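Trainee: pasting the sequence and the predicted coordinates here, then a few questions.
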Amino acid sequence: MSDKALRLGTRRSRLAMAQSGQVAEAVRQVTGRPVELVEITTYGDTSREHLAQIGGTGVFVTALRDALVRGEVDFAVHSLKDLPTAQPAGLVLAAVPEREDPRDVIVARDALKFTDLPRGARIGTGSPRRMAQLNAYARAHGLDIETVAIRGNVDTRIGYVRDGELDAVVLAAAGLNRIGRIDEVTDFLSVDTVLPAPGQGALAIECAADHADLIAALGALDDPLTRVAVTAERSLLAALEAGCSAPVGALADLLDGQIVKEMRLRGVVGTTDGTRMVQLSTTGSVPQTETQAMALGRELATEMLAQGAAGLMGERAH
Ligand SMILES: NCc1[nH]cc(CCC(=O)O)c1CC(=O)O
């Protein structure tokens with residue numbers, strides 16, 4: 001390959017710049033080529049409407065993908081959880097690097113933990129998935145909280161707590177880690193309490209399908225275990241026919257303490273008020289191919305649909 005600079009298309013948000021910068025450094029190391037960041041403004045960055053109304057987080061992705069298809073940039077870095085499950089023709093996920101902490105976290109006033117929030121506490125999140133599970137936990141454990149729909153970037157969200165408008169906000173640990181604000185977390189939510197979004201904590205490095213040399217080089221950053229895990233999670237999401245702003249959580253991980261490792265896939269769907277929920281898991285041998293991983297996701301989706309999951313997903317965020 002030449003030693004011309006590779007062009008990395010990125011959104012301008014702090015999170016996007018942080019994760020693009022980190023991947024740029026890794027790509028420099030595996031390719032020996034300089035990497036140049038090319039900033040691209042997406043509709044999701046300029047719109048003030050709620051995400052669910054403008055068609056989910058896929059809006060952040062479209063402009064980056066257009067730039068890839070037009071050959072204006074060589075590769076792009078996405079938060080995997082923001083990627084629509086359908087892979088567009090002409091583009092491939094060249095690498096899914098090792099996932100970091102998939103958990104959701106709370107940033108609350110006065111260093112409060114989720115379960116110590118006082119009666120009537122207001123918790124901000126724009127995610128129906130987080131609302132559904134927080135409200136379900138609250139109902140089951142006698143907590144009196146109110147989930148409040150918000151949007152905006154990480155700084156904006158934490159700002160609601162700093163200026164006293166909300167008692168707490170929910171964010172992804174991975175995002176806070178990447179922008180260097182993990183110290184502001186007051187509580188890490190167990191995945192038993194809030195199952196993360198499919199793909200949460202993982203990145204995806206995408207490029208044009210006809211760039212064989214680049215795909216091969218980026219492959220050095222791929223983590224096969226992360227790839228099969230997120231493939232199973234996203235296959236579950238796709239088979240539920242849910243979008244990325246649906247109240248769906250999913251996590252595939254290895255079961256501990258076994259000689260022959262097995263993968264467990266957990267899934268949840270619920271109404272945002274927390275009154276109804278379908279939560280199931282399935283365990284099987286660790287998928288060796290993406291095809292096997294997809295089958296695991298589809299199997300769990302079939303069971304969840306049989307228990308009425310479809311009827312819990314009709315709602316929109318409000
Ligand atoms: N929807 C925005 C978004 N997309 C990816 C992350 C965090 C990083 C990740 O989950 O990989 C965030 C912020 C958040 O949910 O707190």
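Mentor: Looks like it came in fine.
Trainee: mind listing the strands for the stretch 1-150 of the chain?
Mentor: Using DSSP state E, counting those that start in this stretch, the strands of the stretch 1-150 of the chain run over residues 6-10, 35-39, 75-79, 91-95, 104-108, 121-124, 145-148.
Trainee: which SS state does the residue of the chain found nearest the ligand fall under?
Mentor: Nearest residue of the chain to the ligand, counting by CB to the nearest ligand atom: residue 175, 3.0 Å away. In short, each C-beta sits where N, CA and C put it, glycine included. Secondary structure for residue 175, judged by DSSP: H, G, I helix; E, B strand; the rest coil, is helix.
Trainee: contact partners for it?
Mentor: 15, 79, 154 (CB atoms under 8 Å, 6 or more residues apart in numbering).
Trainee: if we use 7 Å, what do you get?
Mentor: Residue 175 makes contacts with 15, 154, as judged by CB atoms under 7 Å, 6 or more residues apart in numbering.
Trainee: hang on, the earlier thing: for residue 164, which of the strands of the stretch 1-150 of the chain is the nearest?
Mentor: strand 121-124 (10.5 Å; CB to CB).
Trainee: what sits up against that closest one?
Mentor: 134, 145-148, 150, 157, 160, 166-170.
Trainee: can I get it in CSV? Just the C-alpha atoms.
Mentor: Taking Å, rounded to 0.1, in the frame of the first residue of the first chain, the C-alpha atoms of strand 121-124 are listed here in CSV:
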residue,chain,number,x,y,z
ALA,A,121,-36.2,12.1,41.7
ARG,A,122,-36.1,13.1,38.0
ILE,A,123,-33.7,11.0,35.8
GLY,A,124,-33.0,12.2,32.3
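Trainee: where does pLDDT dip in this structure?
Mentor: Residues of the chain meeting the criterion pLDDT under 70: 1, 42-58, 243-244, 315-318.
Trainee: the ligand contacts on the stretch 201-318 of the chain?
Mentor: Proximity of the stretch 201-318 of the chain to the ligand, by CB under 6 Å from any ligand atom, involves residues residue 201.
Trainee: now do the helices in the stretch 201-318 of the chain.
Mentor: Secondary structure of the stretch 201-318 of the chain by DSSP state H, counting those that start in this stretch: the helices cover 212-218, 224-239, 290-306.
Trainee: okay, those, which one's buried deepest?
Mentor: Ranked by mean neighbour count, these are led by helix 224-239 with a mean of 24 (mean count of other CB atoms under 10 Å).
Trainee: between it and helix 290-306, how big is the angle?
Mentor: Helix 224-239 runs at 40 degrees relative to helix 290-306, counting by axes from the mean of the first three to the mean of the last three CA atoms, to 10 degrees.
Trainee: closest one of the contacts of strand 121-124 to residue 268?
Mentor: The closest of those, once distances to residue 268 are taken by CB to CB, is residue 134, at 12.0 Å.
Trainee: so what's the closest residue to that closest one other than its chain neighbours up against?
Mentor: Nearest non-adjacent residue to residue 134, counting by CB to CB, 6 or more residues apart in numbering: residue 147, 5.9 Å away. Shown in contact with residue 147 (CB under 7 Å, 6+ apart): 123, 125, 131, 134, 135.
Trainee: what pairs with residue 147 across the strands?
Mentor: Under the criterion DSSP bridges, residue 147 forms beta bridges with residue 123.
Trainee: do residue 251 as well
Mentor: Residues in a beta bridge with residue 251, per DSSP bridges, are residue 266.
Trainee: any idea how the protein splits into domains?
Mentor: Domain assignment for the chain, taken from automatic domain parsing, gives 6-97+202-222, 104-188, 230-309.
Trainee: and the longest one, end to end?
Mentor: Taking CA to CA, to the nearest Å, domain 6-97+202-222 runs 18 Å from one end to the other.
Trainee: do stretch 135-149 as well
Mentor: Distance between the two ends of stretch 135-149: 13 Å, counting by CA to CA.
Trainee: and for stretch 120-136?
Mentor: 15 Å.
Trainee: ok, that stretch near the ligand or not?
Mentor: No: shown here: stretch 120-136 not in contact with the ligand (CB under 6 Å from any ligand atom), separated by at least 7.0 Å.
Trainee: mind listing what's buried in that stretch?
Mentor: Buried residues in stretch 120-136, counting neighbours by 16 or more other CB atoms under 10 Å, are found at 121-136.
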